[in-house]
Structure formats: C-alpha cells, structure tokens
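Trainee: no sequence for this one, just the structure:
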C-alpha cells in the first residue's frame with residue numbers, strides 16, 4: 001500500500017479540523033434552537049396561565065356585578081308576588097322555624113345595638129359614599145382622598161387576618177367616618193343558610209371590630225344586598241337583626257365597580273349621572289383589593305360632585321335607610 005505523502009498530512013489534518021468544527025457548530029446550533037424553543041414554550045405557558053387567571057377574575061367580577069344589578073332590579077319589582085312566595089315557603093318551613101327561632105333569639109346576648117331611624121327622607125344636597133369589602137391596601141389612599149375634600153363616608157368592612165389592614169379600622173374611625181359591617185366570611189352559601197348561620201358570622205365580625213376599635217357598629221350591609229339569598233331566610237334575618245337594634249343599608253346608585261372590567265370612565269358616568277335622581281343618594285363602591293379603577297376615579301368623582309354643590313356625608317342610625325327588601 002502506498003504511503004500518504006508527507007506533504008498531504010497537513011491538508012488532511014486541516015480538513016479534519018474543519019469537518020469537526022462544522023459538526024460542532026451544527027451541534028451548538030441545534031442546542032441553541034432547542035433552548036430557544038423551550039423558552040418559547042415556557043413563555044406560551046406563562047401567557048396562557050395569565051389569560052386563564054384574567055378569565056377567572058372576569059367571571060368573578062361579572063358574578064358580583066350581576067348580583068348588584070339583580071339587587072337593584074328587585075327594588076323596582078312589585079313585592080306582592082314576593083310576599084305570596086314567602087307565604088308558600090313559610091308553610092313548608094313553619095315547623096322547623098318554630099323549633100329554631102327561640103334558639104337563635106337566646107344566642108349572643110351582647111349582640112344588640114338599639115339603633116332607631118327617622119322616617120323622614122333628607123332633601124338636602126348630600127351624597128353618601130359607601131365602600132364595601134375593605135379594609136385593603138387601597139383603604140389608606142381612599143381615606144387620604146376623602147380628607148382632601150373634607151368628605152365623610154361609610155365603610156362596610158369584612159374580616160381580614162392581615163394585621164396592617166386591620167389597623168386601618170382605627171384610621172377609619174379616627175378620621176370621622178362611619179364604620180359598619182359587611183360580614184365575616186362573605187360566603188353567601190354559608191351565611192344565608194339560616195338565621196343561626198348569619199348570626200354566627202355576624203357576631204364574629206362584630207366582635208373583631210369592637211376589639212380593634214372599641215366601636216360597636218349599628219349599621220350593616222348584606223353581602224349582595226338584602227335581596228340576595230333565600231327569601232324566607234333573609235326575611236327572618238332582617239326581623240331578628242332589627243329586633244336586636246341593627247339597621248341594614250342597601251344602595252340606590254351603583255358605581256358598577258363590582259366588575260373587574262369596569263373602567264374609571266364607567267364608574268364616573270354611573271355615579272355622576274345618577275346621584276341627581278335621588279334625594280338621598282347612597283353610592284355603592286368598593287375599597288377591596290384590586291379595585292384600582294375605583295381609586296383612580298375617586299379624585300374626579302369627588303371634585304365633580306363637590307363642584308355641583310354636594311356635601312359628602314356618612315350614614316348613621318338617624319337617617320331613613322335605603323332598603324330593597326321592605327316588610
């Protein structure tokens with residue numbers, strides 16, 4: 001066999017190096033392509049997760065907003081049909097009620113307020129801003145804006161185990177606003193199960209507020225409004241709460257901020273165009289977590305209504321309450 005000429009060896013070596021380098025380059029390129037593809041997939045997964053969360057938030061917000069609209073609609077309906085349905089329901093439940101009513105009336109002996117209210121509606125140019133679902137990280141900013149316009153409001157609070165948020169209860173009181181109750185759990189299925197269930201939940205949030213502030217609230221708002229829940233049960237709850245001297249408040253002007261899709265412009269339009277329709281406009285808003293559109297709308301809302309001559313007042317037990325469900 002012929003030997004490879006010595007002069008060809010360097011060329012052969014160079015060729016091998018070039019070939020090896022080419023293979024290495026192809027390998028590195030494929031690795032880079034795989035890495036890029038993985039990054040793209042991870043990005044797509046992250047985007048899909050975010051879109052899913054947005055959809056879930058949307059559904060939650062729309063559910064709450066529908067509850068608000070349903071409550072408002074119920075106020076306009078003829079109550080005669082409701083009364084007939086109540087009588088039919090009560091026929092089925094009289095036996096159970098007779099066994100349990102005396103029980104819940106004996107519970108929570110310290111859960112009494114003794115509040116009364118006037119039957120005379122106010123005709124002054126006043127507006128009553130109310131904020132549900134706080135305290136949250138937004139509450140201090142809401143309080144600062146209210147101070148700027150010397151505005152008083154009413155805060156219907158829900159229990160939180162966040163110590164920082166809990167400290168805002170005292171701020172609400174110290175700044176001259178009305179501290180009222182919304183619920184402990186805000187769990188519709190739980191609190192509207194029976195009068196006993198509602199009282200158990202209410203006593204917890206009542207005690208929490210009293211221990212944190214020394215205030216014994218007399219006003220409360222049903223989660224979802226007074227038309228939410230089983231009709232006969234809510235009627236019984238109202239009867240028992242009024243017997244204990246508490247007053248419940250609904251609203252006649254909704255900001256619409258129960259929906260997470262509501263914009264700042266929507267809130268301003270909903271409130272500013274409707275307050276003039278009522279002698280005693282009670283505005284439903286929220287200072288719960290995530291209600292940034294409400295916070296952003298508040299400065300313009302306060303300025304607009306102040307320029308129109310409105311005085312911002314807090315609710316108290318001397319006013320005639322706005323209530324959807326009347327006896």
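Mentor: Arrived safely. Bear in mind the structure is a predicted one, so any value in this text is a computation, not a measurement.
Trainee: which stretches of the protein have low pLDDT?
Mentor: Low-confidence regions of the chain, defined by pLDDT under 70, span residues 1-9, 11, 51, 53-102, 116-123, 229, 326-327.
Trainee: can you pull the contacts of the residue nearest the centre of it?
Mentor: Closest to where the C-alpha atoms of the chain average out (Cα atoms, centre = their mean) is residue 133, at 4.6 Å. Contacts for residue 133 were tallied using Cβ atoms under 8 Å, 6 or more residues apart in numbering; they are 156, 158, 182, 186, 286, 287, 288, 291. Placement of C-beta: from N, CA and C, glycine included.
Trainee: the first one sits in which helix or strand?
Mentor: Yep, that's residue 156 we're talking about. In this assignment (DSSP states H and E), residue 156 forms part of strand 154-158.
Trainee: likewise residue 16?
Mentor: In this structure, residue 16 sits in helix 9-76 according to DSSP H and E.
Trainee: the strand holding residue 156 pairs with which strands, parallel or anti?
Mentor: Looking at strand 154-158 with DSSP bridges, its partner strands are strand 126-132 (parallel), strand 178-183 (parallel).
Trainee: what's the first helix or strand after the shortest one?
Mentor: Looking back up the chat, that one is strand 178-183. Moving toward the C-terminus from strand 178-183, the next helix or strand (DSSP H and E) is helix 188-191.
Trainee: can you give the contact residues for that following helix?
Mentor: Helix 188-191 is contacted from outside by 183, 185, 197, 198, 201, 202, 223, 224, 228, 229, using Cβ under 8 Å, 6+ apart.
Trainee: change it to 7 Å
Mentor: The set of residues external to helix 188-191 that reach it, using Cβ atoms under 7 Å, 6 or more residues apart in numbering, is 183, 185, 197, 198, 201, 223, 224, 228, 229.
Trainee: just put those in TSV and tack on secondary structure.
Mentor: Shown next, in TSV, are the contacts of helix 188-191 (DSSP: H, G, I helix; E, B strand; the rest coil):
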residue	secondary structure
183	strand
185	coil
197	helix
198	helix
201	helix
223	coil
224	coil
228	coil
229	coil
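Trainee: pick out the most distant pair among the residues you listed.
Mentor: Distance extremes for those: the farthest pair is 197 and 224 at 15.0 Å, using Cβ to Cβ.
Trainee: how far away is the residue nearest to the centre of the chain from residue 182?
Mentor: Computed as Cβ to Cβ, to the nearest Å, the residue 133 to residue 182 distance reads 7 Å.
Trainee: can you list residues touching both of the two?
Mentor: Common neighbours of residue 133 and residue 182 are listed as residue 158 (criterion: Cβ under 7 Å, 6+ apart).
Trainee: before we move on, the earlier item: what are the buried residues along the strand holding residue 156?
Mentor: Of the residues in strand 154-158, those buried under the neighbour-count criterion (16 or more other Cβ atoms under 10 Å) are 154, 155, 156, 157, 158.
Trainee: mind listing residues that contact that strand?
Mentor: Residues from elsewhere that reach strand 154-158 (Cβ under 7 Å, 6+ apart): 128, 130-135, 169, 172, 177-183, 186, 209, 221, 314-315.
Trainee: name the helices or strands packed onto the very next helix or strand once past that strand?
Mentor: Following strand 154-158 in sequence order, the next helix or strand is helix 163-174 (DSSP H and E). If contacts are counted by 3 or more Cβ pairs under 7 Å, 6 or more residues apart in numbering; DSSP states H and E, helix 163-174 sits against helix 139-148, strand 178-183, helix 195-213.
Trainee: now do 8 Å
Mentor: Counting contacts by 3 or more Cβ pairs under 8 Å, 6 or more residues apart in numbering; DSSP states H and E, helix 163-174 packs against helix 139-148, strand 154-158, strand 178-183, helix 195-213.
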